[in-house]
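Undergrad: Using only what follows, build the 3D model:
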Amino acid sequence: MVYSPVNADFDVDAFVSSWNGYLASYYQTLDGVVTSGAGVVSRVATEYSVNPRLLLAVLEYQSGWVTESSPASETMVYPMRVYEDYREGLYSQLSWAASFLNEGFYQWAIEAISIWTLTDSTVVEVDPTINAGTAGVLNLMSNLTTAETWARRPLRPAFTNLRVALWQPIRLCCGTAVARKPDPTNIAIAV
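TA: Below is the predicted model of the structure:
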């Protein structure tokens with residue numbers, strides 16, 4: 001989950017361009033500078049020290065911006081589907097998401113989290129066998145879902161394909177990233 005040396009060779013611009021989704025043509029002005037969608041992802045990854053692959057995955061999961069050229073209209077201003085006027089635009093939405101990813105990750109690391117409260121006020125107990133990266137992702141998702149969708153939200157085929165493309169080229173071995181041939185039977189995500 002952390003933006004670490006494992007990501008040194010990951011080119012966010014090239015990856016986003018290769019999918020030719022809405023994110024590839026998106027631009028936002030940040031601090032007076034017109035910034036590409038990939039640039040926004042890179043900036044949030046750097047500012048929050050969150051893996052850009054994970055940011056791309058949650059963005060795709062919520063809105064389809066990475067793979068779809070015409071995502072749902074309700075995601076155009078609020079790509080993470082956080083509908084608050086002061087959170088308009090990709091930068092604000094991804095920063096919000098990165099904040100919750102970090103909160104879950106670091107609270108888990110200091111054993112300060114034992115439940116999640118979903119958007120409909122349902123309380124979900126934390127599985128004590130998860131790791132800090134999973135805690136970060138689940139912490140974010142708890143702020144985006146209700147009890148009805150918590151355990152059974154279906155994955156779009158495009159998201160599954162993106163997930164493979166994001167994580168397949170890397171294997172963590174003894175703390176180092178090692179390139180490997182894609183294995184379509186192994187699509188586990190190491191966050």
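
Undergrad: CA only for contacts and neighbour counts going forward, please
TA: OK.

Undergrad: Do you have the strands of the chain handy? List them.
TA: 27-30, 33-36, 115-117, 123-125, 170-173, 176-179 (DSSP state E).

Undergrad: what separates Val82 from Asp13, distance-wise?
TA: Val82 sits 25 Å away from Asp13, going by C-alpha to C-alpha, to the nearest Å.

Undergrad: Looking at those two, which one has more neighbours?
TA: Using other C-alpha atoms under 10 Å as the criterion, Val82 and Asp13 rank with Val82 on top: 19 against 16.

Undergrad: That one: what's its closest spatial neighbour, skipping adjacent residues?
TA: Excluding the flanking residues, the one nearest Val82 by C-alpha to C-alpha, 6 or more residues apart in numbering is Gln93, at 7.0 Å.

Undergrad: which residues sit in contact with the one you found?
TA: The contact partners of Gln93, by C-alpha atoms under 8 Å, 6 or more residues apart in numbering, come to Tyr78, Pro79, Met80, Val82, Arg87.

Undergrad: One more pass at 10 Å, please.
TA: Val44, Leu59, Val77, Tyr78, Pro79, Met80, Arg81, Val82, Tyr83, Glu84, Tyr86, Arg87 (C-alpha atoms under 10 Å, 6 or more residues apart in numbering).

Undergrad: Can I get these in TSV including pLDDT?
TA: Shown next, in TSV, are those (pLDDT from 0 to 100):
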residue	pLDDT
Val44	97
Leu59	94
Val77	96
Tyr78	96
Pro79	96
Met80	95
Arg81	93
Val82	93
Tyr83	92
Glu84	91
Tyr86	92
Arg87	94
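
Undergrad: If burial is judged by neighbour count, which of those pass?
TA: With neighbours counted by 16 or more other C-alpha atoms under 10 Å, those contain buried members at Val44, Leu59, Val77, Tyr78, Pro79, Met80, Arg81, Val82, Arg87.

Undergrad: Gln107: which of those is nearest?
TA: If you rank the buried ones among the contacts of Gln93 by distance to Gln107 using C-alpha to C-alpha, Val44 comes first, at 20.2 Å.
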